[in-house]
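Asks: return atomic coordinates for the entry below.
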Amino acid sequence: VKSENRKTIWNTEEVPEGCEFDDTWDPREQPEYEILFKQSVGTEDVFFGMTGKDPSTACCEDIVIKIKLPETKYSDITLDIQDKVLDLRTPKKKLLLHLPYPVNSKEGRARFLSEEEILEVTLRVSRQFDFINFA
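Replies: Model prediction:
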């Protein structure tokens, strides 16, 4: 593939999304985190199996990320969410997380549970229509 500008050494398609956030020189440590998958299940799924959903991550609608942030205040948290990357920064911790599935970055929710010192981020998975995901 020829580039329009002869001085460029790579195309933008060759650079993975999220690498612009990666900072190897930042000495802050990475917090503990947990990735959970969530799906809406109704009686037609539980009793009859009509929708074809199963317990796999392919049938989940949301990704829930729980990040432990000890000794952190809500006002100190900076959170940036792209389609495939979650970038969290605090004065003592940093987390660059490449998400397992593309998400809708405009429709996410985050809440800080101050008693447990956990940030809970819920993101809607954006999937192509297939035989499992009709909606």
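Asks: quick one: find the helix or strand in the chain with the lowest mean pLDDT.
Replies: Of all the helices and strands that make up the chain, helix 43 has the lowest average by mean pLDDT, DSSP states H and E, namely a mean of 72.
Asks: show me the shaky parts of the chain.
Replies: 1-6, 10, 12, 15-24, 44-57, 129-135 (pLDDT under 70).
Asks: partners of the longest strand along it in the sheet?
Replies: The single longest strand within the chain, with elements called by DSSP state E, is strand 103-113. Taking DSSP bridges as the criterion, strand 103-113 sits next to strand 118-125 (antiparallel) in its sheet.
Asks: can you pull the contacts of the nearest residue to Asp76 once chain neighbours are set aside?
Replies: Spatial nearest neighbour of Asp76, excluding adjacent residues (C-beta to C-beta, 6 or more residues apart in numbering): Thr90 at 5.1 Å. All C-beta spots, glycine's among them, are computed from the backbone N, C-alpha and C. Neighbour list for Thr90: 28, 69, 72, 76-78 [criterion: C-beta atoms under 8 Å, 6 or more residues apart in numbering].
Asks: partners of Leu123 in the sheet?
Replies: Ile63, Gly108.
Asks: ok, it - contacts?
Replies: Leu123 sits next to 62-65, 81, 86, 99, 103-105, 107-108 when contact means C-beta under 8 Å, 6+ apart.
Asks: go with 7 Å
Replies: The contact partners of Leu123, taken as C-beta atoms under 7 Å, 6 or more residues apart in numbering, are 62-63, 81, 103, 108.
Asks: look up how far Pro91 lies from it.
Replies: To Pro91, Leu123 is 24 Å away according to C-beta to C-beta, to the nearest Å.
Asks: and the closest residue to Glu107 other than its chain neighbours, how many neighbours?
Replies: Counting by C-beta to C-beta, 6+ apart, Arg124 is the residue found nearest to Glu107 once chain neighbours are left out, at 5.1 Å. For Arg124, the neighbour count with other C-beta atoms under 10 Å is 16.
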